[in-house]
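Chemist: Using only what follows, build the 3D model:
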Amino acid sequence: LSRQTTSHNSNQRAFGPYNMEQEFFDLFMDLVRAHGEYEIKGQRADGKKQGAARTVREEVTLDKWKKHLEGERGLGIVPINDASMCRFGAIDIDTYDGLDFSGINQKLDKYNLPLFPCKSKSGGVHLYLFVRDWVPAVDMQQKLNDIASLLGFGGSEIFPKQTHILAE
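Modeler: Purely as a prediction, here's the structure:
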């Protein structure tokens, strides 16, 4: 995938109305039995949003994606399945003051990295890496740590957070 790609299944749009909730639901469907929710309650002096995060042990629905995309409720997808495999991962850059978005994009281009940058709710950046086939979470985590260091953001939070998951 390239950062210029707008949809992993854009050819399907010709057959019906565009449904953004469905697009995100399909793209971020890894752990199906639980997800995170985040309710914003304020903001720190450095710009990071504060709130209440919780793990919800129920399936993600299209309605949850709709509320997330409309800014009503944060939704956190766990990027690891019950077999400890991933199809995506993320680097969470929690820098808010003076973050150089164009500089990040230039580095992604310079190193030809297939990452998708998205501005976080607090004004930082999430860099997403998507892969075609399932890969071990340990490999995804290591690769994202290496990339974060290469970009000058070593020590950033990496998702998946765990390399193995216990099935319920």
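Chemist: In the strand of greatest length in the chain, which residues have enough neighbours to count as buried?
Modeler: Using DSSP state E, we find that the single longest strand of the chain is strand 125-136. For strand 125-136, a neighbour-count test (16 or more other CB atoms under 10 Å) marks 125, 126, 127, 128, 129, 130, 135 as buried. (Glycine included, C-beta is placed from N, CA and C.)
Chemist: for stretch 67-80, same thing?
Modeler: Within stretch 67-80, judged by 16+ other CB under 10 Å, the buried ones are 67, 68, 74, 75, 76, 77, 78, 79, 80.
Chemist: And stretch 52-70, by the same measure?
Modeler: 60, 64, 65, 66, 67, 68.
Chemist: and residue 19, how many residues sit next to it?
Modeler: 15 (other CB atoms under 10 Å).
Chemist: no, scratch that, I was asking about residue 112
Modeler: 7.
Chemist: Tabulate the buried residues of stretch 52-70 (TSV), appending distance to residue 28, pLDDT and secondary structure.
Modeler: TSV is the format used below for those (distance: CB to CB, whole Å; pLDDT from 0 to 100; DSSP: H, G, I helix; E, B strand; the rest coil):
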residue	distance to residue 28	pLDDT	secondary structure
60	8	89	coil
64	11	89	helix
65	8	89	helix
66	14	91	helix
67	15	88	helix
68	10	86	helix
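Chemist: which residues in this protein form helices?
Modeler: 20-27, 62-69, 101-110, 137-150 (DSSP state H).
Chemist: ok, what's across the strand from residue 89?
Modeler: Residues in a beta bridge with residue 89, per DSSP bridges, are residue 129.
Chemist: Quick check: residue 131 touching residue 115?
Modeler: No: when contacts are counted by CB atoms under 8 Å, residue 131 is not listed as touching residue 115 (11.6 Å).
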